[in-house]
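Trainee: only geometry, no sequence info:
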């Protein structure tokens, strides 16, 4: 089974300082046909104005990932963490029993563009924790780079769920294959550029999901940045 989710059909919110596109239902956007994909609950494409951001607020029992596409995102939380996330760096915050945090554009002059991803944890009541890892161009270009996993290896950050997130920056004309194990779910999110998979062209903001798929062949129509989630 294949699901196509066009970027133009996503939920939309314009708060002035924040412009956000919601792949799945979020906040004031509710679509019973798009409540998530397995444990993958939120993919928001956010653009935050210079100097603006999300003030201190709380979460619990959620794995929250941030992947910056352009600009820099400043993070602070009740764990004592203070960090700036830039392109090529993945942030993972496990809210667990509860954490308060803020996310602000680190620049006073340039916007920040990033993906905010929420994954349901394998169980509630985890101890809150934070992790951040930088991945080089050599690790990301034209390969599947495992950046987060419930079974981390090769420097991937830990996610408390049976999910593997791989990211690739794929040059125009280059291809990658992916063969999930039987019974797995796969969600492919196009962050930039365009790719062709299963005879369908997906543009920036588009996504496709499969349940129990055979091998997938992904070809970059133009230079692309893509995220692949492999879920139980």
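Mentor: Yep, that arrived. Values in this document were obtained by computation on a predicted structure and should not be read as measured data.

Trainee: Show the contacting residues for the spatially most central residue of the chain.
Mentor: Among the residues of the chain, the one closest to the centroid is residue 117, at 4.4 Å (CA atoms, centre = their mean). With contacts defined as CB atoms under 8 Å, 6 or more residues apart in numbering, the neighbours of residue 117 are 40, 42, 43, 44, 64, 65, 66, 67, 165. (Glycine included, C-beta is placed from N, CA and C.)

Trainee: Check residue 148 too.
Mentor: Contact criterion CB under 8 Å, 6+ apart gives 65, 90, 92, 156, 157, 158, 159, 163, 164, 165 as the residues in contact with residue 148.

Trainee: Contacts only, for the fifth one.
Mentor: So that's residue 157. Residues counted as contacts of residue 157 (CB under 8 Å, 6+ apart) are 90, 92, 131, 132, 133, 147, 148, 149.

Trainee: try the last one
Mentor: The neighbourhood of residue 165, defined by CB under 8 Å, 6+ apart, consists of 65, 117, 146, 147, 148, 149, 159, 227, 228, 229, 230.

Trainee: Mind checking which of these are buried?
Mentor: Neighbour counting with 16 or more other CB atoms under 10 Å marks 65, 117, 146, 147, 148, 149, 159, 227, 228, 229, 230 as buried within these.

Trainee: State the phi and psi torsions of the fourth one.
Mentor: Backbone torsions for residue 147, taken as degrees, to the nearest 10, come to phi -110, psi -20.

Trainee: Residue 140 now?
Mentor: Per degrees, to the nearest 10, the residue geometry at residue 140, taken as phi and psi, is phi -100, psi -30.

Trainee: so it touches residue 170, yeah?
Mentor: No: under the criterion of CB atoms under 8 Å, residue 140 is not in contact with residue 170, lying 9.4 Å apart.

Trainee: which one of these two has more residues nearby?
Mentor: residue 170 (25 against 19; other CB atoms under 10 Å).

Trainee: Show me what the residue nearest to that one when sequence neighbours are not counted is bridged to.
Mentor: Setting aside the residues directly before and after it, residue 170 is nearest to residue 220 in space (CB to CB, 6 or more residues apart in numbering), at 4.1 Å. The residues listed as beta-bridge partners of residue 220 by DSSP bridges are residue 195.

Trainee: Contacts only, for the closest residue in space to residue 81 that isn't next to it in sequence.
Mentor: Leaving aside its chain neighbours, residue 81 sits nearest to residue 130 (4.7 Å; criterion: CB to CB, 6+ apart). If a contact means CB under 8 Å, 6+ apart, then residue 130 has 77, 79, 81, 83, 91, 92, 93, 94 as its contacts.

Trainee: measure residue 130 to residue 93 for me?
Mentor: Here residue 130 is placed at a distance of 5 Å from residue 93 (CB to CB, to the nearest Å).
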